[in-house]
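[1] Quick one: sequence plus predicted model below, questions after.
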Amino acid sequence: MDLSLIQKDILITLISLYHQHSHPIKGDDIAEIIKRNPGTVRNQMQALKALGLVDGIPGPKGGYHPTAHAYKELNIKPTDDAAEVTISRNGQPIPGVRVTEVDFTTLCHPDLCHSLIKIVGSVRNFTIGEEITIGPTPVNKLMIRGEVFGRDEIQGALLISISEMTSLPKKYIRHYMSSPLISIQPDATIQQAIGICSKNKIKGIPVILQEQLLGIVTLTDIARAIDANIPLDTPVNSIMTHDVIEVSEHTRLYEVIRRFKEREIGRVIVVSGGKPVGILTQSDIIEVFPTL
């Protein structure tokens, strides 16, 4: 069927609000979002009801909700378990808007990369020239940043000039960790730790005894010890850092990156069956994903 522009706008906004709040939506709420007269929206709702695209619920807590036919008409899959892909402005998700499809319209041009972003929600929430961020997507954690240069109200889509894209595969960190693990005994000396760091060009060594992680001695720990005039034949267990973050080898890469940011750390020890098997550092990630 051929819906008018205002009917599509109302229907898309209704679906977006219904998914956001999970209860019937009042016509006045839709009118406020799409910036239309409430009476106009109520009149259009009657037409949409006649087409079988919405149902009305009477009473003080009533309103409208979309039918299955509405999803089909707009080519939207009404899956309850679908992941939410948001659009953000200045780091804050825009309420009532989510992405359903990303189509790249130019990829091979040496200077331009454009995309058509289909959304559930009103494209009138966006102004030409503003910077937005799409994502992350559920599979590869794709993040797209760019500038809005057009709006397609018929398709419910935004035209984006992309300035940056980042994607983190869902592989486990065992694919990226450094292994076999270079470690040191707790009774080894600071001098020995310096030698291991220098030889292997690393900034930290896990301290392990009988396959149990006790801590980690870093170049920062060594520098503090030297500054405090601690003898270089002192065992490393007296200067090591005890608070070490352990993560399972089956942890996803993007989850570890989130921990790096939250905990302000530079490395994690990867364990398998409770035993340390590798180490993952910020340097390892940068080598694999230099654009991060």
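    All right, it came through fine.

[2] Now do the buried residues in the helix or strand residue 268 falls within.
    Assessed by DSSP states H and E, residue 268 sits inside strand 267-272. By 16 or more other Cβ atoms under 10 Å, the buried positions in strand 267-272 come out as 267-271. For glycine as for every other residue, the C-beta is placed from the backbone atoms N, C-alpha and C.

[3] Out of those, which comes closest to residue 156?
    residue 268 (41.9 Å; Cβ to Cβ).

[4] and that closest one, what does it touch?
    Residue 268 makes contact with 245-247, 256, 259-260, 279-280, according to Cβ atoms under 8 Å, 6 or more residues apart in numbering.

[5] can you redo those as TSV with secondary structure, distance to residue 114 and neighbour count?
    What follows is the contacts of residue 268, written out as TSV (DSSP: H, G, I helix; E, B strand; the rest coil; distance: Cβ to Cβ, whole Å; neighbours: other Cβ atoms under 10 Å):
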residue	secondary structure	distance to residue 114	neighbour count
245	coil	41	14
246	strand	44	13
247	strand	38	17
256	helix	33	23
259	helix	35	14
260	helix	32	17
279	strand	41	22
280	strand	35	25
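
[6] I'd like those residues written out as TSV, with pLDDT and distance to residue 59 added.
    Output for the contacts of residue 268, formatted as TSV (pLDDT from 0 to 100; distance: Cβ to Cβ, whole Å):
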residue	pLDDT	distance to residue 59
245	90	53
246	92	55
247	92	52
256	85	50
259	81	48
260	83	51
279	93	61
280	92	56
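
[7] quick one: which of the residues you listed is nearest to residue 26?
    Among the contacts of residue 268, and counting by Cβ to Cβ, the member closest to residue 26 is residue 259, at 42.6 Å.

[8] Tell me the spacing between that closest one and residue 192.
    Going from residue 259 to residue 192 by Cβ to Cβ, to the nearest Å gives 30 Å.

[9] Next: residue 62.
    76 Å.

[10] In terms of neighbours, single out the busier of those two.
    residue 192 (17 against 13; other Cβ atoms under 10 Å).

[11] Look up the pLDDT of that one for me, please.
    At residue 192, the pLDDT value in this model is 96.

[12] Do I have it right that it meets residue 183?
    No: with contact defined as Cβ atoms under 8 Å, residue 192 does not reach residue 183; the gap is 11.9 Å.

[13] Just the pLDDT at residue 123, thanks.
    In this prediction, residue 123 has a pLDDT value of 83.

[14] likewise the one 5 residues further on?
    Looking at residue 128, its pLDDT stands at 94.

[15] Quickly find the element holding the residue lying closest to it once chain neighbours are set aside.
    Spatial nearest neighbour of residue 128, excluding adjacent residues (Cβ to Cβ, 6 or more residues apart in numbering): residue 148 at 5.8 Å. Under the criterion of DSSP H and E, residue 148 resides in strand 143-152.

[16] And for residue 197?
    Residue-wise, residue 197 maps onto helix 190-200 under DSSP H and E.

[17] Show me how far that helix is from its chain's centre.
    38 Å (Cα atoms, centre = their mean, to the nearest Å).

[18] what's that helix packed up against?
    Of the remaining helices and strands, those touching helix 190-200 by 3 or more Cβ pairs under 8 Å, 6 or more residues apart in numbering; DSSP states H and E are strand 204-209, helix 219-227.

[19] how does this structure divide into domains?
    Using automatic domain parsing, the domain parsing of the chain gives 5-73, 86-166, 173-288.

[20] Quick check: end-to-end length of the first one?
    Domain 5-73 has its terminal residues 14 Å apart, counting by Cα to Cα, to the nearest Å.

[21] what are the ranges of the helices in the stretch 51-200 of the chain?
    For the stretch 51-200 of the chain, the helices defined by DSSP state H, counting those that start in this stretch occupy 68-73, 190-200.

[22] Let's have those helices in JSON lines, adding distance to residue 26.
    Listed next are the helices of the stretch 51-200 of the chain as JSON lines, based on distance: least, Cβ to Cβ, whole Å:
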{"stretch": "helix 68-73", "distance to residue 26": "17"}
{"stretch": "helix 190-200", "distance to residue 26": "65"}
